[in-house]
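*Asks:* Structure of the sequence below:
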Amino acid sequence: MGRSKKNQIADLTESYQAKLWTPFAVLGIKTEEDWLTAIDYLPADTPTLAPQTLLAKEVCRQLQAYLTAPDFRFDLSLHIGGTTHQQRVWQAIQAIPSGETSSYAEIATQLHSAPRAVGRACGANRIPIIIPCHRVIAKNGGLGGFMNASDGDPLEIKRWLLRHEST
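*Replies:* Numbering: from 1, shown residues only. You can find the predicted model right below:
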């Protein structure tokens, strides 16, 4: 028998160790032991949740530091599963300085890959902001996609993050 929608929502709520309000979304923070495992963009009207662990508190502190100073350098232990290609893309993305961008094509050339494969790896990123996939744009200077979307709220989040970092 299927679980009720109420129970499914409760499960989703309990899976976060913190929910941090930001100007563009509520960030759902997931940790396991000493690792940050995911940051989800939740709707802006999602109730916040105070950090439930010391690590979640530290993640929130560092995210708030980033919101104050966009050139803040994160120092968190990350645990994110992915293919070898995805891991290589995520490493390349982390090398893009705050306030700068790189194109899917530039990263693809650097990794001897294809722009679409880079885009798919960006879409599979479970730790946005820390692994700043928002800094990857289209070759023509357009935004490209974000969170596997090409319009709507995800692109508004990407615009906000890029504007924040350009100040």
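
*Asks:* The residue nearest to the spatial centre of the chain: what's it in contact with?
*Replies:* The centre of the chain sits closest to P128, judged by C-alpha atoms, centre = their mean, with a distance of 1.1 Å. When contacts are counted by C-beta atoms under 8 Å, 6 or more residues apart in numbering, P128 touches 39, 41, 134, 147. C-beta here means a position set from N, CA and C on the backbone, and glycine is covered the same way.

*Asks:* Need the three-state assignment for it.
*Replies:* coil (DSSP: H, G, I helix; E, B strand; the rest coil).

*Asks:* and the residue lying closest to D45 once chain neighbours are set aside, what is it in contact with?
*Replies:* Leaving aside its sequence neighbours, D45 sits nearest to V26 (C-beta to C-beta, 6 or more residues apart in numbering; 8.0 Å). The contact partners of V26, taken as C-beta under 8 Å, 6+ apart, are 19-20, 41-48.

*Asks:* Could you do P51 as well?
*Replies:* For P51, the contact set (C-beta under 8 Å, 6+ apart) comprises 17-18, 29, 57, 59-60.

*Asks:* same deal with I39?
*Replies:* Counting by C-beta under 8 Å, 6+ apart, the residues that I39 touches are 27-30, 59, 126-130.

*Asks:* quick revisit: among the contacts of P128, which has the minimum pLDDT value?
*Replies:* Scanning the contacts of P128 for pLDDT, the low point is M147. It has 77.

*Asks:* dump the residue contacts of it.
*Replies:* Contacts of M147 (C-beta under 8 Å, 6+ apart): 41, 123, 128, 154, 157.

*Asks:* H85 now?
*Replies:* Each residue near H85 by C-beta under 8 Å, 6+ apart is listed here: 111, 113, 117, 121.

*Asks:* Using JSON lines, lay out the residues you listed together with pLDDT, neighbour count and secondary structure.
*Replies:* Formatted as JSON lines, the contacts of H85 follow (pLDDT from 0 to 100; neighbours: other C-beta atoms under 10 Å; DSSP: H, G, I helix; E, B strand; the rest coil):
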{"residue": "L111", "pLDDT": "97", "neighbour count": "16", "secondary structure": "helix"}
{"residue": "S113", "pLDDT": "96", "neighbour count": "18", "secondary structure": "coil"}
{"residue": "A117", "pLDDT": "96", "neighbour count": "17", "secondary structure": "helix"}
{"residue": "A121", "pLDDT": "96", "neighbour count": "26", "secondary structure": "helix"}
